[in-house]
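J.: Structure of the sequence below:
(one chain, ligands or ions: 1)
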Amino acid sequence: MNLPAPSQSEYSFIIAGGGMSGLSLAYYLTQSALKDESILLLSQDELGYPKKTWCYWSDEAETFDKIAEKSWQQLWFHEANVTSNLLAIQPFTYSKISSDTWFAYVVAELQKHPNVHFLKANIHHFSFAGCGSNVHTSRGEFHAKKKIFDSISPILCEPANEKHIKQHFLGWVIKSHFPIFKDESAHLFDFRVAFEKECEFMYVLPTSNREALFEYTYFSGKLRTKEQYREKIKNYLLAYYNLTQDEYDLVEEEFGIIPMRPSQLPTQYIHDKILRIGTSGGFVKPSTGYSFLRTQHLLVDLVQNLVSNKLNGQVIPENRFKSWLDKVFLQVLIDQNVAGNEVFEALFRKNSPQKMLRFLAEKTTWKEDLGLMTTVPMWPFLRAAISLAWRKNELP
Ligand SMILES: Cc1cc2nc3c(=O)[nH]c(=O)nc-3n(C[C@H](O)[C@H](O)[C@H](O)COP(=O)(O)OP(=O)(O)OC[C@H]3O[C@@H](n4cnc5c(N)ncnc54)[C@H](O)[C@@H]3O)c2cc1C
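T.: Below is the predicted model:
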(Lines give C-alpha, C1' and ligand atoms only; values in the text may rest on other atoms or scores of the structure.)
Protein backbone atom coordinates (compact mmCIF):
# COMPACT_ATOMS: atom_id res chain seq x y z
CA MET A 1 0.00 0.00 0.00
CA ASN A 2 2.07 2.90 -1.19
CA LEU A 3 2.36 5.83 -3.54
CA PRO A 4 5.16 6.65 -5.99
CA ALA A 5 8.27 8.34 -4.58
CA PRO A 6 8.95 11.95 -5.60
CA SER A 7 10.45 12.50 -9.01
CA GLN A 8 10.95 16.26 -8.62
CA SER A 9 11.61 18.78 -5.86
CA GLU A 10 8.85 21.22 -6.81
CA TYR A 11 5.12 20.55 -6.32
CA SER A 12 1.92 22.60 -6.44
CA PHE A 13 0.82 21.34 -3.05
CA ILE A 14 2.86 19.75 -0.29
CA ILE A 15 1.02 18.01 2.53
CA ALA A 16 3.06 17.64 5.71
CA GLY A 17 1.83 14.58 7.59
CA GLY A 18 0.25 11.49 6.06
CA GLY A 19 -2.31 10.86 8.79
CA MET A 20 -6.05 11.32 8.75
CA SER A 21 -6.21 14.98 7.74
CA GLY A 22 -3.27 14.88 5.30
CA LEU A 23 -4.61 11.92 3.38
CA SER A 24 -8.19 13.25 3.50
CA LEU A 25 -6.99 16.48 1.93
CA ALA A 26 -5.06 14.62 -0.81
CA TYR A 27 -8.22 12.57 -1.45
CA TYR A 28 -10.50 15.65 -1.80
CA LEU A 29 -7.95 17.44 -4.01
CA THR A 30 -7.86 14.46 -6.37
CA GLN A 31 -11.67 14.41 -6.48
CA SER A 32 -11.80 18.09 -7.48
CA ALA A 33 -10.93 20.30 -10.44
CA LEU A 34 -7.42 20.45 -8.93
CA LYS A 35 -6.92 16.74 -9.49
CA ASP A 36 -4.08 17.21 -11.97
CA GLU A 37 -1.99 19.45 -9.72
CA SER A 38 1.17 17.82 -8.42
CA ILE A 39 0.89 16.77 -4.77
CA LEU A 40 3.61 15.55 -2.42
CA LEU A 41 2.75 13.86 0.86
CA LEU A 42 5.53 13.81 3.45
CA SER A 43 5.32 11.80 6.64
CA GLN A 44 7.68 10.28 9.16
CA ASP A 45 5.63 7.06 9.36
CA GLU A 46 4.47 4.68 6.69
CA LEU A 47 0.98 5.63 5.48
CA GLY A 48 -1.63 4.06 7.72
CA TYR A 49 0.36 4.09 10.92
CA PRO A 50 -0.56 4.07 13.80
CA LYS A 51 -3.81 2.13 13.66
CA LYS A 52 -6.89 3.77 15.18
CA THR A 53 -10.65 3.51 15.38
CA TRP A 54 -12.63 6.49 14.13
CA CYS A 55 -16.24 7.10 15.03
CA TYR A 56 -18.60 9.84 13.98
CA TRP A 57 -22.31 10.58 13.90
CA SER A 58 -24.35 12.19 11.19
CA ASP A 59 -27.91 12.62 9.96
CA GLU A 60 -26.72 12.88 6.35
CA ALA A 61 -24.86 10.62 3.93
CA GLU A 62 -21.10 11.02 4.49
CA THR A 63 -18.17 10.32 2.14
CA PHE A 64 -16.82 7.32 4.01
CA ASP A 65 -20.10 5.70 5.17
CA LYS A 66 -19.52 2.98 2.57
CA ILE A 67 -16.43 1.68 4.37
CA ALA A 68 -17.84 1.85 7.91
CA GLU A 69 -17.37 -1.44 9.72
CA LYS A 70 -20.49 -0.98 11.81
CA SER A 71 -23.23 1.60 12.40
CA TRP A 72 -25.75 1.98 15.20
CA GLN A 73 -28.99 3.88 15.60
CA GLN A 74 -29.34 3.15 19.31
CA LEU A 75 -26.94 4.34 21.99
CA TRP A 76 -26.88 3.50 25.67
CA PHE A 77 -26.37 6.26 28.20
CA HIS A 78 -25.62 4.89 31.68
CA GLU A 79 -25.76 7.39 34.52
CA ALA A 80 -23.50 7.07 37.57
CA ASN A 81 -26.56 6.30 39.72
CA VAL A 82 -27.17 3.16 37.59
CA THR A 83 -30.13 4.59 35.63
CA SER A 84 -29.65 3.43 32.03
CA ASN A 85 -31.39 4.84 28.97
CA LEU A 86 -31.37 3.41 25.49
CA LEU A 87 -31.48 6.41 23.16
CA ALA A 88 -33.01 6.03 19.70
CA ILE A 89 -31.00 8.49 17.60
CA GLN A 90 -32.68 8.28 14.15
CA PRO A 91 -32.20 10.03 11.74
CA PHE A 92 -28.63 9.98 13.11
CA THR A 93 -26.29 7.08 12.66
CA TYR A 94 -23.22 6.49 14.79
CA SER A 95 -20.53 4.83 12.64
CA LYS A 96 -17.20 3.15 13.26
CA ILE A 97 -14.37 2.99 10.71
CA SER A 98 -11.17 1.09 11.24
CA SER A 99 -8.16 3.17 10.17
CA ASP A 100 -6.75 0.12 8.33
CA THR A 101 -9.80 -0.01 6.06
CA TRP A 102 -9.84 3.76 5.67
CA PHE A 103 -6.15 4.09 4.75
CA ALA A 104 -6.39 1.15 2.31
CA TYR A 105 -9.39 2.77 0.60
CA VAL A 106 -7.92 6.27 0.42
CA VAL A 107 -4.46 5.14 -0.72
CA ALA A 108 -6.04 2.93 -3.42
CA GLU A 109 -7.96 6.00 -4.66
CA LEU A 110 -4.78 8.14 -4.61
CA GLN A 111 -2.88 5.46 -6.56
CA LYS A 112 -5.17 6.25 -9.52
CA HIS A 113 -3.45 9.66 -9.71
CA PRO A 114 0.22 9.40 -10.77
CA ASN A 115 0.68 13.07 -9.83
CA VAL A 116 0.38 12.19 -6.11
CA HIS A 117 3.71 11.23 -4.55
CA PHE A 118 4.75 10.10 -1.09
CA LEU A 119 8.04 10.27 0.77
CA LYS A 120 8.78 8.89 4.22
CA ALA A 121 10.80 11.69 5.78
CA ASN A 122 11.14 13.62 8.99
CA ILE A 123 10.06 17.22 8.53
CA HIS A 124 12.29 19.75 10.27
CA HIS A 125 10.72 23.09 9.40
CA PHE A 126 9.02 25.26 6.80
CA SER A 127 10.23 28.47 5.21
CA PHE A 128 8.96 31.04 2.75
CA ALA A 129 10.72 31.13 -0.60
CA GLY A 130 9.87 33.46 -3.47
CA CYS A 131 6.23 33.11 -4.44
CA GLY A 132 5.94 29.77 -2.66
CA SER A 133 7.27 28.03 0.40
CA ASN A 134 9.72 25.24 1.27
CA VAL A 135 9.68 22.14 3.43
CA HIS A 136 12.99 21.07 4.93
CA THR A 137 13.17 17.36 5.66
CA SER A 138 15.63 14.61 6.57
CA ARG A 139 15.52 13.63 2.89
CA GLY A 140 16.03 17.04 1.34
CA GLU A 141 14.20 20.24 0.59
CA PHE A 142 10.95 20.51 -1.39
CA HIS A 143 9.27 23.59 -2.84
CA ALA A 144 5.51 24.18 -2.87
CA LYS A 145 4.46 26.55 -5.65
CA LYS A 146 0.96 27.02 -4.26
CA LYS A 147 0.61 25.84 -0.68
CA ILE A 148 1.95 23.79 2.15
CA PHE A 149 -0.65 22.10 4.33
CA ASP A 150 0.78 21.45 7.78
CA SER A 151 -0.77 18.69 9.91
CA ILE A 152 2.32 18.13 12.05
CA SER A 153 2.97 21.28 14.09
CA PRO A 154 2.07 20.65 17.72
CA ILE A 155 -0.61 22.67 19.49
CA LEU A 156 -0.13 23.80 23.07
CA CYS A 157 -1.36 20.92 25.22
CA GLU A 158 1.18 19.76 27.77
CA PRO A 159 0.79 16.16 28.93
CA ALA A 160 1.83 16.98 32.51
CA ASN A 161 -0.23 20.17 32.83
CA GLU A 162 -3.45 19.21 34.63
CA LYS A 163 -5.12 22.42 33.46
CA HIS A 164 -4.68 21.35 29.84
CA ILE A 165 -7.72 19.13 29.35
CA LYS A 166 -7.30 16.09 27.10
CA GLN A 167 -9.41 13.19 26.05
CA HIS A 168 -7.18 10.31 27.16
CA PHE A 169 -8.08 6.70 26.86
CA LEU A 170 -6.93 3.17 26.40
CA GLY A 171 -9.07 0.74 24.44
CA TRP A 172 -9.16 -3.03 24.12
CA VAL A 173 -10.80 -4.92 21.31
CA ILE A 174 -11.63 -8.26 22.87
CA LYS A 175 -13.07 -11.48 21.51
CA SER A 176 -15.17 -13.44 23.98
CA HIS A 177 -15.04 -17.25 23.89
CA PHE A 178 -18.84 -17.33 23.68
CA PRO A 179 -21.60 -15.00 22.40
CA ILE A 180 -22.24 -12.31 25.01
CA PHE A 181 -22.54 -8.83 23.43
CA LYS A 182 -25.64 -7.18 22.00
CA ASP A 183 -24.29 -5.50 18.92
CA GLU A 184 -27.46 -3.63 17.91
CA SER A 185 -26.54 -0.79 20.26
CA ALA A 186 -23.32 0.95 21.32
CA HIS A 187 -22.61 2.48 24.75
CA LEU A 188 -21.67 6.12 24.29
CA PHE A 189 -21.24 7.00 27.95
CA ASP A 190 -21.13 4.54 30.81
CA PHE A 191 -20.71 6.71 33.89
CA ARG A 192 -21.37 3.83 36.29
CA VAL A 193 -17.55 3.75 36.59
CA ALA A 194 -17.31 7.41 37.67
CA PHE A 195 -16.61 8.00 41.35
CA GLU A 196 -14.57 11.20 41.41
CA LYS A 197 -15.10 14.71 40.06
CA GLU A 198 -13.09 13.96 36.92
CA CYS A 199 -15.12 13.16 33.83
CA GLU A 200 -14.45 9.43 33.33
CA PHE A 201 -16.48 6.81 31.56
CA MET A 202 -16.39 3.55 29.66
CA TYR A 203 -17.21 3.60 25.94
CA VAL A 204 -18.25 0.30 24.38
CA LEU A 205 -18.64 -0.55 20.69
CA PRO A 206 -19.83 -4.13 20.14
CA THR A 207 -19.26 -5.16 16.52
CA SER A 208 -20.62 -8.71 16.87
CA ASN A 209 -21.99 -10.90 19.64
CA ARG A 210 -18.41 -11.93 20.46
CA GLU A 211 -16.28 -8.90 19.65
CA ALA A 212 -16.32 -5.39 21.15
CA LEU A 213 -14.11 -2.38 21.77
CA PHE A 214 -13.95 -1.25 25.41
CA GLU A 215 -12.38 2.16 25.83
CA TYR A 216 -11.74 3.59 29.30
CA THR A 217 -11.87 7.34 28.79
CA TYR A 218 -11.24 10.55 30.72
CA PHE A 219 -11.92 14.16 29.80
CA SER A 220 -9.37 15.57 32.23
CA GLY A 221 -5.86 16.94 32.60
CA LYS A 222 -4.32 14.10 34.57
CA LEU A 223 -2.95 11.18 32.56
CA ARG A 224 -2.74 7.66 34.02
CA THR A 225 -0.24 4.86 33.50
CA LYS A 226 -1.34 2.41 30.82
CA GLU A 227 -1.68 -0.27 33.49
CA GLN A 228 -4.31 1.81 35.30
CA TYR A 229 -6.61 2.01 32.26
CA ARG A 230 -6.09 -1.72 31.64
CA GLU A 231 -7.11 -2.54 35.23
CA LYS A 232 -10.28 -0.46 34.80
CA ILE A 233 -11.18 -2.40 31.65
CA LYS A 234 -10.59 -5.79 33.29
CA ASN A 235 -12.72 -4.78 36.29
CA TYR A 236 -15.48 -3.51 34.04
CA LEU A 237 -15.59 -6.73 32.02
CA LEU A 238 -15.90 -8.67 35.24
CA ALA A 239 -18.48 -6.37 36.86
CA TYR A 240 -20.82 -5.79 33.91
CA TYR A 241 -20.30 -8.87 31.69
CA ASN A 242 -19.06 -11.37 34.27
CA LEU A 243 -16.11 -12.03 31.94
CA THR A 244 -12.89 -13.28 33.53
CA GLN A 245 -9.59 -12.94 31.70
CA ASP A 246 -9.51 -16.60 30.62
CA GLU A 247 -12.87 -16.12 28.87
CA TYR A 248 -11.73 -13.62 26.23
CA ASP A 249 -8.76 -12.87 23.97
CA LEU A 250 -7.24 -9.45 23.59
CA VAL A 251 -7.32 -8.72 19.84
CA GLU A 252 -5.73 -5.26 19.92
CA GLU A 253 -5.05 -2.28 22.14
CA GLU A 254 -5.21 1.41 21.26
CA PHE A 255 -4.11 4.38 23.32
CA GLY A 256 -4.85 8.01 22.64
CA ILE A 257 -4.37 11.49 24.00
CA ILE A 258 -6.45 14.01 22.10
CA PRO A 259 -5.97 17.67 23.02
CA MET A 260 -9.21 19.33 24.14
CA ARG A 261 -7.91 22.87 23.74
CA PRO A 262 -9.24 25.72 21.66
CA SER A 263 -6.90 26.57 18.84
CA GLN A 264 -4.51 29.37 19.74
CA LEU A 265 -3.76 29.92 16.09
CA PRO A 266 -4.50 33.28 14.57
CA THR A 267 -7.40 33.05 12.14
CA GLN A 268 -6.18 31.18 9.07
CA TYR A 269 -7.13 32.68 5.72
CA ILE A 270 -7.14 30.48 2.67
CA HIS A 271 -4.77 32.81 0.82
CA ASP A 272 -1.97 31.99 3.32
CA LYS A 273 0.94 30.01 1.85
CA ILE A 274 1.12 27.63 4.76
CA LEU A 275 -2.15 26.38 6.21
CA ARG A 276 -2.48 24.23 9.28
CA ILE A 277 -4.98 21.41 9.08
CA GLY A 278 -6.11 18.51 11.29
CA THR A 279 -5.28 18.54 14.99
CA SER A 280 -2.55 21.12 14.28
CA GLY A 281 -5.09 23.38 12.62
CA GLY A 282 -7.59 23.26 15.50
CA PHE A 283 -9.95 20.84 13.73
CA VAL A 284 -10.62 18.86 16.94
CA LYS A 285 -13.85 20.00 18.59
CA PRO A 286 -12.40 21.10 21.96
CA SER A 287 -15.36 19.98 24.08
CA THR A 288 -15.62 16.44 22.66
CA GLY A 289 -12.22 15.46 21.25
CA TYR A 290 -13.92 14.29 18.02
CA SER A 291 -12.42 15.43 14.73
CA PHE A 292 -12.88 12.79 12.05
CA LEU A 293 -16.10 14.12 10.51
CA ARG A 294 -15.33 17.76 11.25
CA THR A 295 -12.05 17.32 9.37
CA GLN A 296 -13.86 15.86 6.35
CA HIS A 297 -16.34 18.75 6.23
CA LEU A 298 -13.70 21.46 6.74
CA LEU A 299 -11.46 19.97 4.04
CA VAL A 300 -14.28 19.62 1.52
CA ASP A 301 -15.03 23.33 2.04
CA LEU A 302 -11.34 24.22 1.89
CA VAL A 303 -10.89 22.45 -1.45
CA GLN A 304 -14.06 24.06 -2.84
CA ASN A 305 -12.70 27.46 -1.84
CA LEU A 306 -9.38 26.70 -3.52
CA VAL A 307 -11.14 25.58 -6.70
CA SER A 308 -13.34 28.65 -6.86
CA ASN A 309 -10.48 30.94 -5.80
CA LYS A 310 -12.37 32.22 -2.75
CA LEU A 311 -9.12 32.85 -1.00
CA ASN A 312 -10.44 35.31 1.55
CA GLY A 313 -12.45 32.61 3.30
CA GLN A 314 -11.29 31.17 6.61
CA VAL A 315 -10.20 27.58 7.09
CA ILE A 316 -12.48 27.32 10.14
CA PRO A 317 -15.39 29.73 9.85
CA GLU A 318 -15.41 31.70 13.09
CA ASN A 319 -18.30 31.15 15.50
CA ARG A 320 -17.35 33.08 18.61
CA PHE A 321 -20.38 32.00 20.61
CA LYS A 322 -19.72 28.28 20.05
CA SER A 323 -16.01 28.70 20.83
CA TRP A 324 -16.97 30.50 24.04
CA LEU A 325 -19.35 27.66 25.00
CA ASP A 326 -16.51 25.17 24.47
CA LYS A 327 -14.21 27.23 26.67
CA VAL A 328 -16.76 27.51 29.48
CA PHE A 329 -17.25 23.74 29.39
CA LEU A 330 -13.47 23.17 29.53
CA GLN A 331 -13.20 25.60 32.43
CA VAL A 332 -15.91 23.57 34.24
CA LEU A 333 -13.79 20.44 33.70
CA ILE A 334 -10.72 22.26 35.04
CA ASP A 335 -12.54 23.65 38.10
CA GLN A 336 -14.22 20.35 39.03
CA ASN A 337 -16.92 22.19 40.99
CA VAL A 338 -19.30 19.61 39.60
CA ALA A 339 -18.55 16.03 38.57
CA GLY A 340 -18.08 15.72 34.81
CA ASN A 341 -20.73 13.00 34.57
CA GLU A 342 -23.36 15.31 36.13
CA VAL A 343 -22.96 17.77 33.27
CA PHE A 344 -23.57 15.15 30.57
CA GLU A 345 -26.32 13.47 32.60
CA ALA A 346 -28.20 16.76 32.99
CA LEU A 347 -27.83 17.55 29.28
CA PHE A 348 -28.93 14.11 28.07
CA ARG A 349 -31.78 13.88 30.62
CA LYS A 350 -33.31 17.22 29.67
CA ASN A 351 -32.72 17.28 25.92
CA SER A 352 -33.50 14.82 23.15
CA PRO A 353 -30.50 12.76 21.94
CA GLN A 354 -30.99 14.24 18.47
CA LYS A 355 -30.68 17.77 19.85
CA MET A 356 -27.59 16.78 21.83
CA LEU A 357 -25.95 15.19 18.77
CA ARG A 358 -26.69 18.29 16.71
CA PHE A 359 -25.32 20.47 19.52
CA LEU A 360 -22.10 18.46 19.83
CA ALA A 361 -21.70 18.65 16.04
CA GLU A 362 -22.18 22.44 16.16
CA LYS A 363 -25.37 22.27 14.11
CA THR A 364 -27.70 23.95 16.62
CA THR A 365 -28.75 27.60 16.35
CA TRP A 366 -27.69 30.10 19.02
CA LYS A 367 -31.26 30.10 20.35
CA GLU A 368 -31.12 26.33 20.79
CA ASP A 369 -27.69 26.70 22.43
CA LEU A 370 -29.10 29.19 24.93
CA GLY A 371 -31.96 26.77 25.67
CA LEU A 372 -29.43 23.96 26.23
CA MET A 373 -27.43 26.15 28.59
CA THR A 374 -30.44 26.39 30.91
CA THR A 375 -30.27 22.59 31.35
CA VAL A 376 -26.70 22.36 32.71
CA PRO A 377 -25.83 22.67 36.44
CA MET A 378 -26.10 26.46 36.63
CA TRP A 379 -23.71 27.49 39.39
CA PRO A 380 -20.51 25.70 38.16
CA PHE A 381 -21.10 27.05 34.65
CA LEU A 382 -21.66 30.60 35.93
CA ARG A 383 -18.48 30.42 38.01
CA ALA A 384 -16.57 29.08 35.03
CA ALA A 385 -17.92 31.86 32.77
CA ILE A 386 -16.96 34.50 35.34
CA SER A 387 -13.44 33.14 35.84
CA LEU A 388 -13.00 33.00 32.06
CA ALA A 389 -14.17 36.60 31.68
CA TRP A 390 -11.70 37.58 34.40
CA ARG A 391 -8.90 36.09 32.27
CA LYS A 392 -10.19 37.77 29.08
CA ASN A 393 -11.62 34.47 27.83
CA GLU A 394 -8.25 32.70 27.89
CA LEU A 395 -8.09 29.24 29.42
CA PRO A 396 -5.19 28.62 31.83
C1 LIG B 1 -6.36 6.35 19.19
C2 LIG B 1 -7.19 7.49 18.67
C3 LIG B 1 -8.54 7.28 18.37
C4 LIG B 1 -9.32 8.37 17.89
N5 LIG B 1 -10.65 8.16 17.63
C6 LIG B 1 -11.39 9.16 17.15
C7 LIG B 1 -12.78 8.95 16.86
O8 LIG B 1 -13.33 7.88 17.12
N9 LIG B 1 -13.48 9.96 16.31
C10 LIG B 1 -12.91 11.18 16.04
O11 LIG B 1 -13.60 12.06 15.51
N12 LIG B 1 -11.61 11.42 16.35
C13 LIG B 1 -10.85 10.44 16.89
N14 LIG B 1 -9.53 10.68 17.18
C15 LIG B 1 -8.99 12.04 16.97
C16 LIG B 1 -8.51 12.31 15.54
O17 LIG B 1 -9.51 11.98 14.62
C18 LIG B 1 -7.23 11.58 15.20
O19 LIG B 1 -6.21 11.91 16.12
C20 LIG B 1 -6.74 11.89 13.79
O21 LIG B 1 -5.81 10.93 13.43
C22 LIG B 1 -6.13 13.29 13.68
O23 LIG B 1 -5.68 13.48 12.37
P24 LIG B 1 -4.42 14.38 12.05
O25 LIG B 1 -4.18 14.32 10.60
O26 LIG B 1 -4.55 15.68 12.72
O27 LIG B 1 -3.20 13.65 12.84
P28 LIG B 1 -2.56 12.26 12.53
O29 LIG B 1 -3.55 11.33 11.95
O30 LIG B 1 -1.87 11.86 13.78
O31 LIG B 1 -1.47 12.58 11.40
C32 LIG B 1 -0.31 13.33 11.63
C33 LIG B 1 0.80 12.70 10.80
O34 LIG B 1 1.94 13.54 10.83
C35 LIG B 1 3.10 12.73 10.95
N36 LIG B 1 4.14 13.55 11.56
C37 LIG B 1 4.15 14.10 12.78
N38 LIG B 1 5.30 14.80 12.97
C39 LIG B 1 6.02 14.69 11.84
C40 LIG B 1 7.29 15.18 11.42
N41 LIG B 1 8.04 15.96 12.18
N42 LIG B 1 7.73 14.83 10.19
C43 LIG B 1 6.98 14.05 9.38
N44 LIG B 1 5.76 13.56 9.73
C45 LIG B 1 5.30 13.87 10.94
C46 LIG B 1 2.66 11.55 11.82
O47 LIG B 1 3.49 10.45 11.60
C48 LIG B 1 1.23 11.33 11.33
O49 LIG B 1 1.18 10.40 10.27
C50 LIG B 1 -8.74 9.64 17.68
C51 LIG B 1 -7.39 9.82 18.02
C52 LIG B 1 -6.62 8.78 18.52
C53 LIG B 1 -5.19 9.04 18.90
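J.: Please make it C-alpha for all contacts and neighbour counts, starting now.
T.: Noted.
J.: give me the low-pLDDT residue ranges for the protein?
T.: Scanning the chain for pLDDT under 70 picks out 1.
J.: what residues does the stretch 1-150 of the chain put near the ligand?
T.: Residues of the stretch 1-150 of the chain that fall close to the ligand, judged by CA under 6 Å from any ligand atom: 17-22, 43-45, 52-56, 121-123.
J.: Check the gap between E79 and the ligand for me.
T.: In this view, E79 and the ligand are 21 Å apart by CA to the nearest ligand atom, to the nearest Å.
J.: Next: L298.
T.: 12 Å.
J.: what residues are up against that residue?
T.: Shown in contact with L298 (CA atoms under 8 Å, 6 or more residues apart in numbering): F283, V315, I316.
J.: Spell out which parts of the stretch 251-396 of the chain neighbour the ligand.
T.: E254, F255, G256, I257, I258, G278, T279, Y290, S291, F292, L293.
J.: Which members of the residues you listed are positioned in strands?
T.: E254, F255, G256, I257, I258 (DSSP state E).
J.: Going by neighbour count, which of those comes out on top?
T.: I258 (20 neighbours; other CA atoms under 10 Å).
J.: Name the nearest residue to that residue, sequence neighbours excluded.
T.: Setting aside the residues directly before and after it, I258 is nearest to Q167 in space (CA to CA, 6 or more residues apart in numbering), at 5.0 Å.
J.: Please, which helix or strand holds the one you found?
T.: Element membership of Q167 [criterion: DSSP states H and E] is strand 166-176.
J.: For that strand, name the packing helices and strands.
T.: strand 211-220, helix 226-241, strand 248-259 (3 or more CA pairs under 8 Å, 6 or more residues apart in numbering; DSSP states H and E).
J.: quick one: which of those is nearest A108?
T.: Closest to A108 of the helices and strands packed on strand 166-176 is strand 248-259 (CA to CA; 24.7 Å).
J.: Sheet partners, orientation included, of the closest one?
T.: Each strand that pairs with strand 248-259, with its direction, by DSSP bridges: strand 166-176 (antiparallel).
J.: ok so, going back, please identify which of the residues of the stretch 251-396 of the chain next to the ligand is nearest to F214.
T.: Closest to F214, out of all of these and judged by CA to CA, is E254, at 10.0 Å.
J.: Go ahead and confirm the closest one touches K52.
T.: Yes. In terms of CA atoms under 8 Å, E254 counts as a neighbour of K52; the distance is 6.7 Å.
J.: A385 belongs to a strand?
T.: No. Per DSSP: H, G, I helix; E, B strand; the rest coil, A385 lies outside any strand segment and is helix.
J.: so what's it up against?
T.: Here A385 is in contact with V328, Q331 (CA under 8 Å, 6+ apart).
J.: all helices of this protein, in order?
T.: Applying DSSP state H to the chain gives helices spanning 20-30, 99-110, 226-241, 292-307, 320-335, 340-350, 353-360, 366-373, 378-390.
J.: now the angle between helix 99-110 and the first one, please.
T.: By that I understand helix 20-30. Counting by axes from the mean of the first three to the mean of the last three CA atoms, to 10 degrees, helix 20-30 points 30 degrees away from the direction of helix 99-110.
J.: before we move on, the earlier item: got a markdown table for the contacts of L298, with neighbour count and distance to I97 too?
T.: Putting the contacts of L298 into a markdown table (neighbours: other CA atoms under 10 Å; distance: CA to CA, whole Å) gives the following:
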| residue | neighbour count | distance to I97 |
| --- | --- | --- |
| F283 | 25 | 19 |
| V315 | 24 | 25 |
| I316 | 18 | 24 |
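J.: Show me which of the residues you listed is closest to the ligand.
T.: The ligand lies nearest to F283 out of the contacts of L298, by CA to the nearest ligand atom, at 7.5 Å.
J.: how close does that closest one get to M20?
T.: As for F283, its distance to M20 is 11 Å (criterion: CA to CA, to the nearest Å).
J.: Count residues in the vicinity of the residue lying closest to D36 once chain neighbours are set aside, would you?
T.: Nearest residue to D36, sequence neighbours excluded (CA to CA, 6+ apart): N115, at 6.7 Å. N115 is flanked by 19 other residues according to other CA under 10 Å.
J.: Is N115 in contact with S38, as I believe?
T.: Yes. The criterion here is CA under 8 Å, and N115 meets it with S38 at 5.0 Å.
J.: any residues touching stretch 123-135, and which ones?
T.: With contact meaning CA under 8 Å, 6+ apart, stretch 123-135 is reached by 16, 42-44, 136-138, 141-148, 273-274.
J.: now stretch 321-334
T.: 162-163, 165, 198-199, 219-221, 260, 262, 286-287, 338, 340, 362, 366, 380-381, 384-385, 388, 393, 395.
J.: repeat for stretch 226-242
T.: Applying CA under 8 Å, 6+ apart, the contact partners of stretch 226-242 are F169, L170, W172, I180, V193, F214, E215, Y216, L243, T244, Q245.
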